[in-house]
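> Sequence and predicted structure below; questions after.
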Amino acid sequence: MQRLVVIGCVAAACVVAVAAVRLAGSGASDAQAEPALLRLSGRLPAWRAPAAPAVLTGFAGARERVALRVNGRFVEATRAGRLGRFELRFAAKTPGRYRLSVVAGDRSRNAGTIVVRPVVIEAVGDITFGEQVGPAVARFGPAYPWRYVAGALRGADVTIGNLETAVSTRGDAAVKEYTFRGEPKALTPLHDLAGFDVLTLANNHAGDYGRDALLDTVRYVREAGIQTIGAGADETRARAPAVVERGGLRIAFLGYSDINPLGFTATATAPGTAAANPDEIAADVRAALRRADLAVCFFHWGVELRSAPDARQQRLAHACLAAGAALVLGAHPHVLGPVERPSARTLVAWTLGNFVFPSSGAPARSAILRVELGLGGVRSFRLRPVWIDGFRPRLGTR
């Protein structure tokens, strides 16, 4: 209760003070003190890759000690700022489920559960809309080549392949033995059904119908919701990485071709594909790692129908790995090749073979490469066997 107390009067005007007086025997104030603040801002992400940090922010008392508890154990503490804001970081190297809560004084707030698991990349080899593929797409629809594998590819966090075809209605065929071209509608199921995130255009067929058609290909792929690497309006853009973020990891993808028909290579002023030059590749990888956590290089290289790498391929792969790349992928030989682990956290798949591509004999035996990544690089891999029925990939072996 409040009581008015007269403390003085001057010229008929009284000065009145308000004093808070506790009633005798009441034992408590009428007003209760507000509880101390502990509030979390935002939401915990559903999952993180191994060693990738999750950040918890919120507000507590000014300068108050705030601690993070994981599965019942305290793992980190900080002190809130002058305005009470705090930030805590959590990162786990071991996959699993982790229950997080924040504690300040005698207060606790549940932050939720986060799953820690590797980022899964699935990579495949050559995809074309040329030869028998185009007429089949026109007759049966764009989803026809993907019927048996779309679900498997869509389950990955990142899916990447080699688009070995022009996608355009412009241009004239180059003077070469094989030229491939398809319609833009053939791209739709790559993203919508099979879940492709990145396609490399650095190969010896992306420029089959000229530089304008190459630029059409870049545009149509991007309009389909897929990032491109290895080709662009000039050399700088052809060499630029595509960066994908999954599970708190930023992964940079770069594409290069070592099989370069006349007029296909990008220049400072002309569209084309990114040529494979070891010194330039090393510089590109180092630059990419300044804005990403991991780097992946996809090459078009080697000799057709030869699965083993030659000295040139080994030199190019070394340039990537020595610059800090974790994963090197290859295509062009049209047959599946060996997968090697140069170190505990790196991997080279020398040739991924065919995928959506007219095939028989050895080229018809292929695979989906599944790679698991953490912040430190490659954790594990496996090859999922695929056999190609005409030009349509099917899971398993024939």
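Alright, I've got the coordinates.
> Please name the residues that touch the residue nearest to residue 208 when sequence neighbours are not counted.
Leaving aside its sequence neighbours, residue 208 sits nearest to residue 179 (CB to CB, 6 or more residues apart in numbering; 4.1 Å). The way it works is simple: take the backbone N, C-alpha and C, and place the C-beta from them, glycine included. Residues near residue 179 by CB atoms under 8 Å, 6 or more residues apart in numbering: 130, 166, 173, 205, 208, 209.
> One more: residue 305?
333, 334, 335, 362, 363.
> now with 6 Å?
The neighbourhood of residue 305, defined by CB atoms under 6 Å, 6 or more residues apart in numbering, consists of residue 335.
> The residue nearest to residue 208 and residue 259: what is the separation?
Distance from residue 179 to residue 259, counting by CB to CB, to the nearest Å: 14 Å.
> Equivalent analysis for residue 252, please.
For residue 252, the distance to residue 259 - CB to CB - is 23 Å.
> next one: phi and psi at residue 327?
phi -140, psi 130 (degrees, to the nearest 10).
> What's opposite it in the beta bridge?
Beta-bridge partners for residue 327, by DSSP bridges, are residue 296, residue 347.
> now swap in residue 98 and tell me
Following DSSP bridges, residue 98 is listed with bridge partners residue 114.
> begin at 849 from here
All right, first residue 849 from here; so that's residue 946.
> from memory it sits against residue 917, does it?
No. At 10.4 Å, residue 946 does not count as touching residue 917 under the criterion of CB atoms under 6 Å.
> Which residues are in contact with each of the two?
Between them, residue 946 and residue 917 share no contacting residue, judged by CB under 6 Å, 6+ apart.
> Tell me which of residue 1100 and residue 1107 has more neighbours.
Comparing residue 1100 with residue 1107 by neighbour count (other CB atoms under 10 Å), the higher total belongs to residue 1100, at 24 against 20.
> Provide the backbone phi and psi angles at that one.
phi -100, psi 130.
> what's across from it in the sheet?
In this entry, residue 1100 is beta-bridged to residue 1091, residue 1143, by DSSP bridges.
> For residue 1142, give me its contacts.
1099, 1174 are the contacts of residue 1142 under CB under 6 Å, 6+ apart.
> Which of the helices and strands in the protein ranks last by mean pLDDT?
strand 861-868 (a mean of 34; mean pLDDT, DSSP states H and E).
> for the spatially closest residue to residue 1096 that is not a sequence neighbour, helix, strand, or coil?
The spatial neighbour of residue 1096 that comes closest, neighbours along the chain excluded (CB to CB, 6+ apart), is residue 900 at 3.4 Å. Three-state call for residue 900 (DSSP: H, G, I helix; E, B strand; the rest coil): coil.
> And for residue 1127?
Quick answer, by three-state DSSP: residue 1127 is helix.
> what do you get for residue 990?
At residue 990, secondary structure determined by three-state DSSP is coil.
> Next: residue 949.
strand.
> Correct me if wrong: it contacts residue 955.
No. Using CB under 6 Å, residue 949 is not in contact with residue 955; the gap is 10.5 Å.
> circling back to that earlier point, okay, the residue nearest to residue 1096: pLDDT?
Note for residue 900: predicted pLDDT of 97.
> Understood, closing this out.
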